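Visitor: Sharing a model that was predicted from the sequence below.
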Amino acid sequence: MPGLLFLCSCDTLLGMHKAPFSIYSTWGLHDELGDTVRLSEDLAFSALNALDRWADHGLKPDVFHLDAFWYDPARGYRHFHPQYWPRGFEPFLDALRKRNYIPGLWFSTTGLTLEPPAWAESRCPDGHYSLVDGPYADILEGDLHHAAEAWGVRLFKFDFANFTASRTPDRAPQETRALAVERLTGILNGLRAAFPGIHVISHVGYARNQHHQRQGWPHPVAVDPALLEGIDAVFSGDPQCMDIPQTHLTRNLDLYQDRAVWKLHQAGFPLHRIEDHGVVMANTNTACFRGRAGLRRSHIGQLARGARRDLYYGDPSLPTDADLESMARFRAQYFDAWTRRLTTRLLGDGEPGTAPWHGTLTGGAARGLLTLVNPGFNPVTVDLPLTDLFRAGLLFHDGAEAPALQTAPDRLRVTLGPEQMVLIGLGAYAGEAPEAFADPEAPLYRTISPLNAAVRDFPNFGKGISGFSETRKILVTARAWDGKPEEPGHVLPFVFGEQPTPEGATREARAHALLPVRAFDAEGRAVMPLARVPDVPVWSGISWVACVFPPIPGGRIEVCPAFDPPRRVEVEVYGVE
């Protein structure tokens, strides 16, 4: 019976995490939050058909996950949205089964965005439904079992959680939260007992938002590792910008995720129980309109973080055939390592982005996959002790310059250029030819060095910079801090320029209107930048901007913040080539 064989394959693949697995998710291809692209049957079929090319390269995902807003908001989780899925789920589910995909679905944990009448006695003023009061929890439990039994769903993604949603005013929020988490854990463990192959991931609302996203936040992420009793992997965060200026947005998104995983690991979560956002490649607001820029580096990065799965969000038509060949190669290497029960650990001297370098090691010297990242502008030399090291080989580097590896007994030494990432094979993984990829959509500079220039203060705590005699291009970075300029002491980065893109909205990056950087030549004529970061709207905002200008001997640069009230601003100037 095909249906029985399909369900058995689901349970074998995802049950107890006996084998690494791969996921394709539609989020990013559609975006109903910061953008106006809806998930529909036509859109889902377009993704499914595009994945046929992936299969030709040995890269077919195991799971096809339909992300947010597939359901009928008036009838709940047993019904697909009638406007966008007029034929219901069955035709698409049949296509998934014919291609041997495992279905996955997204759920709003406490029902936000839905209004079925049967849930009404659990509804709270903020639009969420209580997991403690009224019928919602029992209905949710039944709907999850229906999805697993009738549709064969084995990947469940839970988002939009509010565990303090309550219809009992005299109950303390802490008690409501504890009861709601206990109820959800019971629901998920009951689902797992009935369908052993399920995999559950959690997203927004499972950690309290206490500024842990900001560089320099000293406290652990406010999330309880006891959630892992019912959840297989806890989310580390959506694509956002790191509070460190860099020369391309895609590297900054990767750096943010490196730090987010590090932060959750510091809070007690094993790496294989942390759900990073994988690779998010699309031309929508949620993906920061990145298209395929930085794809290969991002793909290796999400494998290297040790989640023991390969996850791609967004538009599957974007990768070129060469991209798919590269992705298949590195997926195979990491999957081989995980199948051999090798584990991953984080490397470096502290918080990614703040430390001079960071990385990961899956396995060890006899058989290992080592990633190293230089997040900064200065070259950095990594001198790494590796017990029993006898052989190492470069597998991947971005940029035109291939760093030389120096090996000695029990030691590896390598110098990384500005913002460069490398993947190094150790021992049995060292024999393959290296892949050098100078991504034309996310280029690296060979050198980035500070310039000596005259700086004077401008009104509203801006800066004027002059005295340029350089023949190199000029990079200017400006960072904002959430404190009054005249007050000393430690403050967090100030995030500005949050920018959704509803229909008809501009694609100009609002961040540069709030922290503008302008250049003028020796005659006072405006000089247009060669590049700006960000160069697109950033849904979550950013705490810095960067601009690259052509050489302007005798010219000047002005940074004129438009913050109200004023904020601290730091400006740095570099020569680049």
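Guide: Everything's here; your move. Numbering: from 1, shown residues only.

Visitor: Residue ranges in the protein under the pLDDT threshold?
Guide: Residues of the chain that meet the criterion pLDDT under 70 lie in 1-18, 210, 460-461, 485-489.

Visitor: where exactly do the helices run in it?
Guide: Assigned by DSSP state H, the helices in the chain fall at 2-14, 41-56, 90-98, 136-150, 173-194, 249-266, 295-304, 321-339, 511-514.

Visitor: how about JSON lines for those, with mean neighbour count and distance to residue 314 added?
Guide: Quick note: C-beta positions are derived from backbone N, CA and C, even for glycine. Converted to JSON lines, the helices of the chain look like this (neighbours: other C-beta atoms under 10 Å; distance: least, C-beta to C-beta, whole Å):
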{"stretch": "helix 2-14", "mean neighbour count": "15", "distance to residue 314": "22"}
{"stretch": "helix 41-56", "mean neighbour count": "16", "distance to residue 314": "9"}
{"stretch": "helix 90-98", "mean neighbour count": "15", "distance to residue 314": "18"}
{"stretch": "helix 136-150", "mean neighbour count": "18", "distance to residue 314": "23"}
{"stretch": "helix 173-194", "mean neighbour count": "17", "distance to residue 314": "27"}
{"stretch": "helix 249-266", "mean neighbour count": "24", "distance to residue 314": "13"}
{"stretch": "helix 295-304", "mean neighbour count": "25", "distance to residue 314": "10"}
{"stretch": "helix 321-339", "mean neighbour count": "18", "distance to residue 314": "13"}
{"stretch": "helix 511-514", "mean neighbour count": "19", "distance to residue 314": "23"}
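
Visitor: okay if I get the ones you listed as CSV plus distance to residue 377?
Guide: Shown next, in CSV, are those (distance: least, C-beta to C-beta, whole Å):
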stretch, distance to residue 377
helix 2-14, 43
helix 41-56, 36
helix 90-98, 46
helix 136-150, 49
helix 173-194, 43
helix 249-266, 12
helix 295-304, 17
helix 321-339, 27
helix 511-514, 20
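
Visitor: between the ones you listed, which one is nearest to residue 533?
Guide: Among the helices of the chain, the nearest to residue 533 by C-beta to C-beta is helix 249-266 (5.6 Å).

Visitor: by contact count, what packs against that closest one?
Guide: strand 274-275, helix 295-304, strand 344-348 (3 or more C-beta pairs under 8 Å, 6 or more residues apart in numbering; DSSP states H and E).

Visitor: Try it again at 7 Å.
Guide: If you count contacts as 3 or more C-beta pairs under 7 Å, 6 or more residues apart in numbering; DSSP states H and E, helix 249-266 packs onto strand 274-275, helix 295-304.

Visitor: what comes into contact with that helix?
Guide: Residues outside helix 249-266 that contact it (C-beta atoms under 7 Å, 6 or more residues apart in numbering): 212, 220-221, 234, 236-237, 239-242, 244, 246, 271, 274, 276-277, 288, 290, 293-294, 297-298, 301, 305, 346, 351-353, 358, 373, 375, 419, 442, 533-534.

Visitor: now swap in stretch 379-388 and tell me
Guide: Against stretch 379-388 from outside (C-beta under 7 Å, 6+ apart): 356-357, 365-366, 372, 374, 410-418, 426.

Visitor: what separates that stretch from the chain centre, distance-wise?
Guide: Stretch 379-388 sits 27 Å away from the centroid of its parent chain (C-alpha atoms, centre = their mean, to the nearest Å).

Visitor: Tell me the buried residues in that stretch?
Guide: Buried positions in stretch 379-388, judged by neighbour count with 16 or more other C-beta atoms under 10 Å: 379, 380, 382, 384, 386.

Visitor: First residue to last residue on that stretch, what's the distance there?
Guide: 27 Å (C-alpha to C-alpha, to the nearest Å).

Visitor: what's the answer for stretch 491-504, then?
Guide: Using C-alpha to C-alpha, the two ends of stretch 491-504 sit 37 Å apart.

Visitor: repeat for stretch 348-364
Guide: Taking C-alpha to C-alpha as the criterion, the two ends of stretch 348-364 lie 16 Å apart.

Visitor: tell me which residues in that stretch are buried?
Guide: Buried residues in stretch 348-364 (16+ other C-beta under 10 Å): 348, 351-355, 357-364.

Visitor: Please apply the same query to stretch 438-449.
Guide: 439, 442, 444, 445, 448, 449.

Visitor: which residue lies farthest from the center of this protein?
Guide: residue 523 (44.4 Å; C-alpha atoms, centre = their mean).

Visitor: Among the contacts of stretch 379-388, name the ones in strands.
Guide: 372, 411, 412, 413, 414, 415, 416, 426 (DSSP state E).

Visitor: Narrow those to just the buried residues.
Guide: For these, a neighbour count by 16+ other C-beta under 10 Å gives the buried set as 372, 412, 414, 415, 416, 426.

Visitor: State the pair within the residues you listed that is farthest apart.
Guide: 415 and 426 (17.9 Å).

Visitor: Switch the buried residues of stretch 348-364 over to CSV, and while doing so, append distance to residue 314 to every line.
Guide: Shown next, in CSV, are these (distance: C-beta to C-beta, whole Å):
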residue, distance to residue 314
348, 29
351, 28
352, 23
353, 24
354, 29
355, 30
357, 29
358, 25
359, 26
360, 23
361, 28
362, 25
363, 29
364, 34
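
Visitor: Was I right to think residue 476 contacts residue 575?
Guide: No - at 11.0 Å, residue 476 does not count as touching residue 575 under the criterion of C-beta atoms under 7 Å.

Visitor: More neighbours: which of these two?
Guide: residue 476 (24 against 19; other C-beta atoms under 10 Å).

Visitor: Now for the more buried one: which residues touch it?
Guide: Here residue 476 is in contact with 517, 546, 547, 557, 571, 573 (criterion: C-beta under 7 Å, 6+ apart).

Visitor: Could you do residue 538 as well?
Guide: Going by C-beta under 7 Å, 6+ apart, the list of residues near residue 538 reads 241, 288, 497, 499, 509, 511.

Visitor: now it: how far from residue 256?
Guide: 11 Å (C-beta to C-beta, to the nearest Å).

Visitor: show me the contacts for the closest residue to residue 342 other than its chain neighbours.
Guide: Leaving aside its chain neighbours, residue 342 sits nearest to residue 363 (3.9 Å; criterion: C-beta to C-beta, 6 or more residues apart in numbering). Residues in contact with residue 363 (C-beta under 7 Å, 6+ apart) are 337, 342, 369.
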